[in-house]
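Visitor: I need the structure of the sequence given here:
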Amino acid sequence: MFFMLITVSAFAEEITMKEFLDLVKKNHPFFTKEALTAAIEKKQAETYLGDEDWNLSITPSFSHLGEVTASEYGANRIEKFGIEAGVRRKLWSTGGQLGFSVSSGYTNSDLTMLNRFKHGIGASYTHPLLQNSKGKLYRLNYDLSKYVIDSAEIQALENQEDFILDVATRFLDWVRLSEMIQISKERLNLAEEQLIQTEKKREANLVDKVDVLRSQDAVRISEQTLLQIESQWKAKQAELSVLAQDRKVYEKNPSYSIYTMEKLPGIEKSLSQLKKQSRVLKTLAVLKEKLTHSREGLVEQDRPELNLTLSGWLYGSDEQFVESLGIYKPDVLLSAGFTMPIEKRTVTAKIEKVDLQIMQIDEDINNIEVSLEASLRNLFIQIVEMEKILALNQEQIVSAQEKTQEEVKMYNQGRGQLTFVIQSRDNEENAKLTYVENAVFYHSLLFQYRALLDELLTAEQAIKSE
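Guide: Alright, predicted model coming up:
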């Protein structure tokens with residue numbers, strides 16, 4: 001739990017936008033969660049590597065041949081005891097399968113000549129000549145998982161940027177409230193000065209009592225406004241302190257120049273940049289590459305199977321156990337197997353489906369490009385026009401200040417009314433507040449613009465107005 005020391009002080013230590021965002025990126029659990037997304041997918045990819053592991057098999061056996069079957073060997077009964085153990089693995093580099101095995105057995109019957117021990121060791125290798133040549137199908141799921149990892153990393157960055165945009169906008173709101181506090185304090189000071197002057201004039205019977213009451217109302221209204229804004233400021237400070245997971249934020253004021261204008265590159269240059277580095281487009285491009293690779297796997301499955309198998313055994317056999325351990329008598333087997341489906345409707349349909357999905361992604365890319373361009377042009381125009389509005393706001397403030405000066409001069413000369421002075425000062429305050437609101441909105445548009453260009457995560461590049 002944070003120890004809350006909330007201050008609204010001009011002398012408090014300041015924190016810049018970049019410093020705040022660095023704290024959020026360092027401390028907020030959202031970024032740890034997003035970083036784990038790609039790590040999870042990487043571990044999922046590693047599970048496919050087990051397909052190349054050695055597999056152990058052990059097969060004990062017992063058979064009893066009765067009189068009918070045993071009579072074929074000239075015996076009344078035959079019993080066989082045996083055990084075979086082997087290891088086998090897939091070879092992703094060749095697409096083949098390699099195996100080694102050992103066996104041991106004993107045959108017992110009522111004929112002495114059939115009672116023998118038999119032991120053997122062997123090796124076998126199956127090599128694909130057509131389908132799965134060079135292990136393409138063995139590696140397929142692992143290769144496809146790389147695209148999933150890339151997509152997860154891109155999406156994690158996109159999620160982080162959206163989060164940064166949100167907290168940066170909240171920081172801007174804190175800056176807005178800080179500026180509003182300063183403006184409200186200025187208005188309160190002027191109202192208090194006006195009240196003092198009006199009370200002195202009343203004592204000298206130069207003004208009516210109603211002017212004193214009006215001045216008192218102006219002070220109370222200014223105090224209420226200031227208290228309301230300060231309460232909002234404290235609430236926003238507490239909110240940002242929690243987001244940054246740093247109680248020191250409770251002791252700081254925001255530092256950010258909201259009145260600084262920025263020169264944007266031309267819209268066509270930004271559009272070109274957008275199409276090159278948009279994460280949304282990159283995600284679709286990765287998905288298209290994944291589907292293309294998946295299609296290659298389906299084409300591979302569509303090929304006939306032609307596998308060549310070579311196996312060899314060394315056996316030892318004798319009526320005596322010790323003598324049977326002389327394993328040196330070889331057996332060799334060379335075989336080939338060919339398989340081809342007469343109809344290929346399943347694989348053909350899958351390939352056609354992937355082709356349609358690739359076409360759909362191409363159209364989706366075109367659709368997203370149009371949407372991104374529309375959003376970028378919208379933001380660009382708003383930013384340019386907002387610069388014009390801010391220039392008008394400055395002129396309005398100057399005009400309001402000049403009008404206030406004239407109203408005060410006329411009132412002091414006895415040719416004006418206090419109501420007009422108060423109204424003019426309120427208009428001046430409102431003009432300054434409007435300038436603050438528009439300046440903050442201008443910078444929020446800049447943040448949205450950078451986020452659309454996927455630049456906001458690079459704080460050193462994005463946050464220039466500290």
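Visitor: Next, count neighbours for S124.
Guide: Per other Cβ atoms under 10 Å, the neighbour tally for S124 reads 17. Any C-beta I mention is one placed from the backbone N, CA and C, and that applies to glycine too.
Visitor: show me the contacts for the closest residue in space to it that isn't next to it in sequence.
Guide: Distances taken as Cβ to Cβ, 6 or more residues apart in numbering place S311 nearest to S124, at 3.5 Å, with adjacent residues excluded. Listed by Cβ atoms under 8 Å, 6 or more residues apart in numbering, the contact set of S311 reads G122, A123, S124, Y125, V332, L333.
Visitor: between these, which has the most around it?
Guide: Busiest of those [other Cβ under 10 Å] is G122, holding 19 neighbours.
Visitor: just checking, what packs against the helix or strand harbouring it?
Guide: Per DSSP states H and E, G122 falls inside strand 116-128. Secondary-structure packing of strand 116-128 (3 or more Cβ pairs under 8 Å, 6 or more residues apart in numbering; DSSP states H and E): strand 97-109, strand 305-318, helix 321-324.
Visitor: would you list every one of the strands in this protein?
Guide: 13-16, 55-65, 78-90, 97-109, 116-128, 252-255, 305-318, 329-339 (DSSP state E).
Visitor: how about those, which one is nearest L188?
Guide: strand 252-255 (18.8 Å; Cβ to Cβ).
Visitor: Which phi and psi values does E343 adopt?
Guide: E343 adopts backbone torsions of phi -120, psi 150, taken as degrees, to the nearest 10.
Visitor: Quick check, pLDDT for it.
Guide: Per-residue pLDDT puts E343 at 79.
Visitor: Now do it against D302, distance only.
Guide: Counting by Cβ to Cβ, to the nearest Å, the separation of E343 from D302 is 12 Å.
Visitor: Looking at these two, which is more packed in?
Guide: D302 (16 against 7).
Visitor: surely the more buried one meets V347?
Guide: Yes. Contact criterion Cβ atoms under 8 Å: D302 and V347 qualify, at 4.7 Å.
Visitor: Not counting sequence-adjacent ones, nearest residue to the residue nearest the centre of the chain?
Guide: The residue lying closest to the centre of the chain (Cα atoms, centre = their mean) is A156, at 0.9 Å. Nearest residue to A156 in three dimensions, chain neighbours excluded: E34, at 4.2 Å (Cβ to Cβ, 6+ apart).
Visitor: show me what contacts that neighbour?
Guide: E34 neighbours (Cβ under 8 Å, 6+ apart): A156, N159, Q160.
Visitor: hmm, 10 Å instead?
Guide: For E34, the contact set (Cβ atoms under 10 Å, 6 or more residues apart in numbering) comprises A152, E153, Q155, A156, L157, E158, N159, Q160, F163.
Visitor: just Y442 next, same as before
Guide: 172, 258-262, 382-383, 385-387, 389-390.
Visitor: Which members of those are the farthest-apart pair?
Guide: That would be L172 and E385, which, of these, are the farthest apart (Cβ to Cβ) at 19.1 Å.
Visitor: Check the gap between D22 and V167 for me.
Guide: 11 Å.
Visitor: Touching both of these two, which residues are there?
Guide: Overlap between the contact sets of D22 and V167, as judged by Cβ under 10 Å, 6+ apart, is given by A244.
Visitor: Neighbour count for those two, which is higher?
Guide: V167 (21 against 13).
Visitor: OK, contacts around that one?
Guide: M17, F20, L21, L23, V24, K25, H28, F30, E239, L240, L243, A244.
Visitor: May I ask which of those residues has the most neighbours?
Guide: In terms of neighbour count, F20 stands highest of those at 27 neighbours, by other Cβ under 10 Å.
Visitor: in the stretch 301-450 of the chain, what spans have low per-residue confidence?
Guide: The stretch 301-450 of the chain contains residues with pLDDT under 70 at 324.
Visitor: So what's the residue count around the spatially closest residue to A168 that is not a sequence neighbour?
Guide: Distances taken as Cβ to Cβ, 6+ apart put F447 closest to A168, at 5.4 Å, once the chain neighbours are dropped. For F447, the neighbour count with other Cβ under 10 Å is 22.
Visitor: Tell me how far F447 lies from Y142.
Guide: With distances taken as Cβ to Cβ, F447 is found 40 Å from Y142.
Visitor: Leaving out chain neighbours, which residue sits closest to L140?
Guide: Here the residue nearest L140, using Cβ to Cβ, 6+ apart, is G297, at 4.4 Å.
Visitor: same deal with N393?
Guide: Nearest to N393 is Y435, by Cβ to Cβ, 6+ apart, at 4.1 Å.
Visitor: count of residues packed around the residue lying closest to L390 once chain neighbours are set aside?
Guide: With Cβ to Cβ, 6+ apart as the criterion, L390 has its nearest non-adjacent residue at 5.7 Å, and that residue is N438. Using other Cβ under 10 Å, N438 is surrounded by 17 other residues.
Visitor: Which one of the contacts of V167 is nearest to G86?
Guide: Distances from G86 to the contacts of V167, taken by Cβ to Cβ, are shortest for F30, at 50.8 Å.
Visitor: Test my guess that the residue nearest to L390 contacts M386.
Guide: Yes. Counting by Cβ atoms under 10 Å, M386 is a contact partner of N438 at 6.5 Å.
Visitor: between the two, what contacts are shared?
Guide: Counting by Cβ under 10 Å, 6+ apart, the contacts common to N438 and M386 are N393.
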